[in-house]
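K.L.:
Okay, here's the prediction I keep looking at, along with the sequence it came from:
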Amino acid sequence: MSPLELFEWLGNTPWSIALLESLWVYPIVETTHVLTLCLFLGLIATLDLRLVGLTLRRVPVSEVAGRLLPWALGGFALMAVSGLLLFYSHPVRAYENIFFRIKIVMLVLAGLNAFVFHTTVYRRVTDWDRAPIAPLRARVAGYLSLVLWCGVVVGGRMQAYNWFN
Amino acid sequence: MSLLPLFEWSGQSAVGIAMSGSIWMFPVIQCLHLLALAILGGTVLVVDLRLLGLGLRHQPVSQLAHDTQPWLVGSLLVMLATGVLLLTSETLRVYYSPPFWWKMQFLLLAMLFTFTVRQKVVRSDAARIPPLLGRLVAVVSLSLWFGVGFSGRWIAFY
């Protein structure tokens, strides 16, 4: 079974059609997905901006990460659930959309960037916790995270358009 | 007085015509509106969570508010500028959309509250903010901004 056949089957399941055609549930899921940007990306961006020295320079990096990331992860869970529901409501339209594909690639890269940051330079955070501007590798991770998450948002928004299908 | 003539005028202005005449202007401006939303929401949350005794609770409220202020003001300005541009591209549809008017009322209240009551509370000496007052300010702030975002999203539906 090709991915396209799988998504065609998925999009024809009764719950998928019901979700797409629902008067209230679909708009509520979409609103949740958009507003969770504040909780998820807003707090991730706060950490990124702290790493590059553009905000909260007097707060230790480990405190920003330790106290805000749990909230951001909660936001990510909401994002993932609402995003999966949106995908489930129109899988073929999403799968064939170039902006959706760009979004997924950016999402994977953002995840990899976070993984590399936390398993390398962040392990030695005690050495640079109070530095107003983090060391180069942490700054690169911060800038990459900002750029990649912006790409995810832009890809997600542009997914409404099928210019290149 | 009806605001309809103002809406019609902005839709027929050079900016309005440029916005509605281009296929990519609207989505590009909307992406900027969304990115600024994330920053605005994040800076509001950092301070409001702190007022609730959550998040960065080991830091003084006044310091967090002071350090995030440029991002709050900057992202709000980007939201207002991009919001006006989005408005000019579909003035009449927006004029007859109830969620748009809810959003404008929430926005007016949210900005008034943020730059008067909330500003005064978060700038005062941490020891002098009664915890209950801080919590109340955070709940009002989060509710008003939620109202702005929620009704903003629903302009697309009604």
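P.N.:
Great, that's in hand.

K.L.:
low-confidence ranges in chain B?
P.N.:
Along chain B, segments meeting pLDDT under 70 span B:1, B:126-127.

K.L.:
Can you give the distance of the longest helix along chain B from its chain's centre?
P.N.:
For chain B, the helix that runs over the most residues, judged by DSSP state H, is helix B:61-89. Distance of helix B:61-89 from its chain centroid, counting by C-alpha atoms, centre = their mean, to the nearest Å, is 7 Å.

K.L.:
and what of stretch A:32-46?
P.N.:
Worked out by C-alpha atoms, centre = their mean, stretch A:32-46 lies 8 Å from the chain centre.

K.L.:
Is that stretch positioned near chain B?
P.N.:
Yes - Stretch A:32-46 lies within reach of chain B by C-beta under 8 Å from any C-beta of the partner chain, at A:34-35, A:37-39, A:41-43, A:45-46. Where C-beta positions appear, they are placed from N, C-alpha and C, glycine not excepted.

K.L.:
average model confidence for that stretch?
P.N.:
For stretch A:32-46, the mean pLDDT works out to 96.

K.L.:
Please spell out which residues along that stretch are buried.
P.N.:
Neighbour-count burial for stretch A:32-46 flags A:32-46 (criterion: 16 or more other C-beta atoms under 10 Å in any protein chain shown).

K.L.:
coming back round to it: tell me the two of the residues of stretch A:32-46 next to chain B that are most distant?
P.N.:
Farthest pair in these (C-beta to C-beta) is A:V34 and A:T46. Separation: 18.9 Å.

K.L.:
The residues of stretch A:32-46 next to chain B in strands, which ones?
P.N.:
Within the residues of stretch A:32-46 next to chain B, no residue falls in strands by DSSP state E.

K.L.:
mind checking how far A:W149 is from B:Q119?
P.N.:
29 Å (C-beta to C-beta, to the nearest Å).

K.L.:
Looking at those two, which is more packed in?
P.N.:
With neighbours defined as other C-beta atoms under 10 Å in any protein chain shown, A:W149 and B:Q119 compare such that A:W149 has more, 24 against 14.

K.L.:
so which strand or helix has the more buried one?
P.N.:
Per DSSP states H and E: A:W149 is located in helix A:136-158.

K.L.:
contacting residues for the residue lying closest to B:A18 once chain neighbours are set aside?
P.N.:
Using C-beta to C-beta, 6 or more residues apart in numbering or on different chains and skipping residues adjacent in sequence, the residue nearest B:A18 is B:M25, 6.7 Å away. B:M25 makes contact with B:18-19, B:85, B:89, according to C-beta atoms under 8 Å, 6 or more residues apart in numbering or on different chains.

K.L.:
With A:L41 instead?
P.N.:
Shown in contact with A:L41 (C-beta under 8 Å, 6+ apart): A:75, A:149, A:153, B:38, B:42.

K.L.:
what residues does the host helix or strand of A:F115 touch?
P.N.:
Counting by DSSP H and E, the element that carries A:F115 is helix A:98-119. Identification of contacts with helix A:98-119 by C-beta under 8 Å, 6+ apart yields A:94, A:138, A:141, A:144-145, A:148-149, A:151-152, A:155-156, A:158-159, A:161, A:164-165.

K.L.:
Heading C-terminal from that helix, find the next helix or strand.
P.N.:
Heading C-terminal from helix A:98-119 (DSSP H and E), you reach helix A:125-128.

K.L.:
just the helices in chain B please.
P.N.:
Under DSSP H, chain B gives helices at B:4-12, B:14-21, B:25-51, B:61-89, B:91-95, B:98-113, B:119-123, B:131-154.

K.L.:
just these: most buried one?
P.N.:
With neighbours taken as mean count of other C-beta atoms under 10 Å in any protein chain shown, these reach their highest mean count in helix B:25-51, at a mean of 22.

K.L.:
The helix ranked longest in chain A - what's its average pLDDT?
P.N.:
If you go by DSSP H, chain A has its longest helix at helix A:61-89. Averaged across helix A:61-89, pLDDT comes to 96.
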